[in-house]
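*Asks:* Provide a 3D model corresponding to the input given below.
(one chain, ligands or ions: 1)
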Amino acid sequence: MEAGILLPPPTSSSPLSPPTSSVILTQDELKKIAAYKAVEYVESGMVLGLGTGSTAKHAVDRIGELLKQGKLQNIVGIPTSKMTHEQALSLGIPLSDLDSHPVLDLAIDGADEVDPHLNLVKGRGGSLLREKMVEGACKKFVCIVDESKLVKHLGGSGLAMPVEIVPFCWKFTAKKLQDLFEYAGCVGKLRTYVENGKPFVTDNGNYIVDLYFQKDMGDLKAASDAILQLPGVVEHGMFLDMATTVIVAGELGITVKNK
Ligand SMILES: O=C(CO)[C@H](O)[C@H](O)COP(=O)(O)O
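*Replies:* The predicted model follows:
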């Protein structure tokens, strides 16, 4: 089900006030519009999954703001990364974890790719494991993106599909991953820090191999199963059938896609 809503651009006074002239919105403004729309789904008393990344950051900021204004009360946040944990703490959002709250009402998070069936690629920010754990425990998962994230099929952006692996013999695991998708022209690269070329280390102490596809990987469930069967793999960034709603902000408006 899909609903199109006319999109007013954000201003400093109101993120959703009407346009005064034709304005080209930046990608970050679109992310903020999607994030603010998603926060409309939040109700007092909810246990919330707090996503990671530049889009989710806007949502967490907004939740903090509404709490401060007293417009939301008794929220408990479960962060999906150390970075979001820090952000939420600084905003005074009460925090907990999956051990204490194994069932969440709602999660709001960004994505790197969204396909027409609302399957996602996530984890270019490196937090895919915690995101998958938290969002998998939610009754509703609202994904927020700008329109640049829409793809015909996962991997179709030509950008990274991340896989979290253990550091032990990472080259062995990276080669196995690449070989799995030889038919799709897959190249696997260890993610490194730009500053020093050292391996990027996740919040869980693991490495990430980014897979780049030249062709459609085909059956996503089969691809997911094959990746997860490899020893050394912890989790991958395909979120299949997990998002219940995707909010897409584009130049022409907000589109809300529901499962
Ligand atoms: O999965 C993620 C982090 O692991 C992010 O949600 C994803 O990378 C999108 O990021 P951004 O909102 O900055 O574009």
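
*Asks:* every contact and neighbour count from this point should use C-alpha atoms.
*Replies:* OK.

*Asks:* tell me where the model's unsure across the stretch 1-150 of the chain.
*Replies:* Low-confidence segments of the stretch 1-150 of the chain (pLDDT under 70): 1-21.

*Asks:* residues contacting residue 81?
*Replies:* 51, 52, 127, 130, 131, 203 (Cα atoms under 8 Å, 6 or more residues apart in numbering).

*Asks:* contacts with the ligand among those residues, please.
*Replies:* When contact is defined as Cα under 6 Å from any ligand atom, these meet the ligand at 52, 127.

*Asks:* using JSON lines, lay out the contacts of residue 81 together with neighbour count, distance to residue 194 and secondary structure.
*Replies:* Shown next, in JSON lines, are the contacts of residue 81 (neighbours: other Cα atoms under 10 Å; distance: Cα to Cα, whole Å; DSSP: H, G, I helix; E, B strand; the rest coil):
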{"residue": "51", "neighbour count": "33", "distance to residue 194": "24", "secondary structure": "coil"}
{"residue": "52", "neighbour count": "31", "distance to residue 194": "20", "secondary structure": "coil"}
{"residue": "127", "neighbour count": "23", "distance to residue 194": "18", "secondary structure": "coil"}
{"residue": "130", "neighbour count": "21", "distance to residue 194": "23", "secondary structure": "helix"}
{"residue": "131", "neighbour count": "24", "distance to residue 194": "24", "secondary structure": "helix"}
{"residue": "203", "neighbour count": "16", "distance to residue 194": "18", "secondary structure": "coil"}
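
*Asks:* of the contacts of residue 81, which is the nearest to the ligand?
*Replies:* Checking these against the ligand by Cα to the nearest ligand atom gives residue 127 as the nearest, at 3.7 Å.

*Asks:* surely that closest one and residue 82 touch.
*Replies:* No. Counting by Cα atoms under 8 Å, residue 127 does not reach residue 82; the two are 9.0 Å apart.

*Asks:* now do the shared contacts for those two.
*Replies:* Joint contacts of residue 127 and residue 82 (Cα under 8 Å, 6+ apart) are residue 203.
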